[in-house]
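Novice: Return a 3D structure for these sequence lines:
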Amino acid sequence: MERHIHAPLSKEEAKTLKAGDYVYITGTIYTARDAAHKRMWEALERGEELPFDIRKNLIYYMGPSPAREGRPIGSAGPTTASRMDKYTPKLLDLGLGGMIGKGKRSKEVLEGIVRNSAVYFAAIGGAGAILSQRILSSEVIAYEDLGTEAIRKLEVKDFPVIVVADSEGNNLYETAIKEYGEKQE
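Specialist: Numbers count the residues shown, from 1 in each chain. Alright, predicted model coming up:
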C-alpha cells in the first residue's frame, strides 16, 4: 500500500503502517549516526536532556556529503541501522516514533518497536543524491564538532521509504525471504 504521512509520527498513525507499505514522509525528521547516538546515550547516563525531544520523532541514520551551491544538503543516503542497535531500545522506550536506515535490526530493537508502537523504515541505499532532492532544509542542532555525524533537523517533502518493521512485529526482511522461497519452489 502507498501512504503519505506527516512527521512527527503519532503512535496511532504508526500502528496503521504495515511492513511492506511504501511511505512518503513530509515534515520534520532528525539525523543521527553512531557518534551522535553515543553522545546521546552518555547524556542520558548523566541524567541530562537530549538535544531534541525524541518523542514521536523520526531519526534518519544518515551523514550527508557537503551541500552543492544552492542546495540545503549533499547526498543523503542511509547508513546501516544495526550500528545504532545498542542505543535504540532505550530511545524507543523514551518515545522515539521511528527510525530510517538500511539493513536488519536486532531482536532487542524489534521488540522495542512492538513494545512502543514504533516503526522502522528503510530508505534505498545508493540513492543518496535522489533522496537529497526531497530535503527542503537542513540545520545542525547539536554536536557540530562531529561534522557529518552532527545531529541535523531536516524538513522533508514526500521522502520515500518502505516500512520494514511495524508495530505488530511484522518484518519485511523475514516475510520477503519467505515469499521469495515459496515462489522459487
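
Novice: mind listing the strands for this protein?
Specialist: 2-7, 22-31, 58-60, 98-101, 119-122, 135-142, 151-165 (DSSP state E).

Novice: got those as a markdown table, with distance to Leu110 columns?
Specialist: Every C-beta, even on glycine, is put in place using the N, C-alpha and C of the backbone. Compiled in a markdown table, the strands of the chain are given as follows (distance: least, C-beta to C-beta, whole Å):
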| stretch | distance to Leu110 |
| --- | --- |
| strand 2-7 | 21 |
| strand 22-31 | 18 |
| strand 58-60 | 16 |
| strand 98-101 | 11 |
| strand 119-122 | 8 |
| strand 135-142 | 27 |
| strand 151-165 | 6 |
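
Novice: quick one: least confident helix or strand in the chain?
Specialist: helix 172-184 (a mean of 66; mean pLDDT, DSSP states H and E).

Novice: Do I have it right that Glu149 meets His37?
Specialist: No. Assessed by C-beta atoms under 8 Å, Glu149 is found out of contact with His37, at 9.2 Å.

Novice: What confidence value was assigned to Ala118?
Specialist: Ala118 carries a pLDDT score of 98 in this model.

Novice: so where's this protein shaky on pLDDT?
Specialist: 176-185 (pLDDT under 70).

Novice: could you redo the last one with a cut-off of 80?
Specialist: 175-185 (pLDDT under 80).

Novice: With mean neighbour count and distance to Asn171 as added columns, please give the strands of the chain in CSV.
Specialist: Conversion of the strands of the chain to CSV gives the following (neighbours: other C-beta atoms under 10 Å; distance: least, C-beta to C-beta, whole Å):
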stretch, mean neighbour count, distance to Asn171
strand 2-7, 15, 18
strand 22-31, 20, 16
strand 58-60, 28, 18
strand 98-101, 28, 14
strand 119-122, 26, 9
strand 135-142, 15, 27
strand 151-165, 21, 5
